[in-house]
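# All I have is the shape, not the residue letters:
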């Protein structure tokens, strides 16, 4: 083995050890080694490159430049903040969706729908504006009877009450009691008040049934999203409607 190779052999070389901090300099802390300097130099270089890139970007910035993020952020006290997005789920809907099952919500919705139908059958929607007009067909024997047909006489009521579809008293009832008396006026006012209260209850139940229907749809949509199929979002979720997704068709065996 040649002398040059013996000198280059790593197994015969001593490890280079950096000196530690002398005792009389311990008050200055640890003595920086090369690895510490390398770490500090790399960090300094990285920050310098980042600052140079930002400076170059600011110099070359186009004042008419547009980003889509500008439509969803606003500058407040020199800080860019996200704009508040429209509410997609109310606190009440979120609470019900977290605590209740879809079967329970659907059961409550069906119960409300039955109560609505019962109220509608009792009230007949007498004051509804969009209610179709009732039709009543009368048959006459001859054409002369058709020409001389009197609706008030046929219904046995006063001509002033013909247009009323409810609470249409007959002539005998009108003769028996005074419709315009103080007692009867109080009764009519009381009945009108009760009818308005029933309509208010009906409106509340209709709104509650709509809310239950929306919650049911949102819960079902979240269940459908748990399936790992490819999907495309068609419509965003709102307070009154769930999100709409279009799923890719898959062939099932």
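Perfect, I can see it now. Here the structure is a predicted model, which means the values were calculated and not measured.
# mind showing which ranges of the stretch 101-250 of the chain have poor pLDDT?
Residue ranges of the stretch 101-250 of the chain with pLDDT under 70: 124-134, 164-167, 177-185, 187-188, 228.
# again, 80 this time
For the stretch 101-250 of the chain, the stretches with pLDDT under 80 are 121-136, 158, 160-192, 225-230, 233-234, 247-250.
# can you tell me how far the residue nearest to residue 113 when sequence neighbours are not counted sits from residue 244?
In space, and not counting its chain neighbours, residue 113 is closest to residue 209: 5.6 Å by CB to CB, 6 or more residues apart in numbering. The way it works is simple: take the backbone N, C-alpha and C, and place the C-beta from them, glycine included. Using CB to CB, to the nearest Å, residue 209 is found at 21 Å from residue 244.
# So for stretch 135-155, what gets flagged as buried?
Neighbour counts over stretch 135-155 (16 or more other CB atoms under 10 Å) mark residue 155 as buried.
# Would you map the helices across this protein?
3-8, 34-59, 91-99, 102-123, 143-147, 151-155, 171-176, 182-225 (DSSP state H).
# got the contact list for the fourth one?
With contact meaning CB atoms under 8 Å, 6 or more residues apart in numbering, helix 102-123 is reached by 96, 195, 198-199, 201-202, 205-206, 208-209, 212-213, 215-216, 219-220, 223.
# where does it sit relative to the chain's centre, distance-wise?
Relative to its parent chain, helix 102-123 has a centroid offset of 22 Å by CA atoms, centre = their mean, to the nearest Å.
# and the angle for that helix with helix 91-99?
Between helix 102-123 and helix 91-99, the angle comes out at 130 degrees (axes from the mean of the first three to the mean of the last three CA atoms, to 10 degrees).
# circling back: residue 209 and residue 244: which has the busier surroundings?
Per other CB atoms under 10 Å, whichever of residue 209 and residue 244 has more neighbours is residue 209, with 19 against 13.
# From residue 213, how far out is residue 122?
Counting by CB to CB, the gap from residue 122 to residue 213 is 23 Å.
# Who has more neighbours out of those two?
More crowded of residue 122 and residue 213, by other CB under 10 Å: residue 213, with 15 against 9.
# Contact partners for the more buried one?
Residues near residue 213 by CB under 8 Å, 6+ apart: residue 109.
# What distance do you get for it to residue 239?
From residue 213 to residue 239 the distance is 13 Å (CB to CB).
# Residue 226 now?
Taken as CB to CB, the span from residue 226 to residue 239 is 23 Å.
# between the two, which one's more packed in?
Neighbours around residue 226 and residue 239, counted as other CB under 10 Å, are more numerous at residue 239. The numbers are 12 against 7.
# Next, work out how far apart the closest residue to residue 18 other than its chain neighbours and residue 16 are.
With CB to CB, 6+ apart as the criterion, residue 18 has its nearest non-adjacent residue at 5.2 Å, and that residue is residue 33. Look at residue 33 and residue 16: by CB to CB, they are 11 Å apart.
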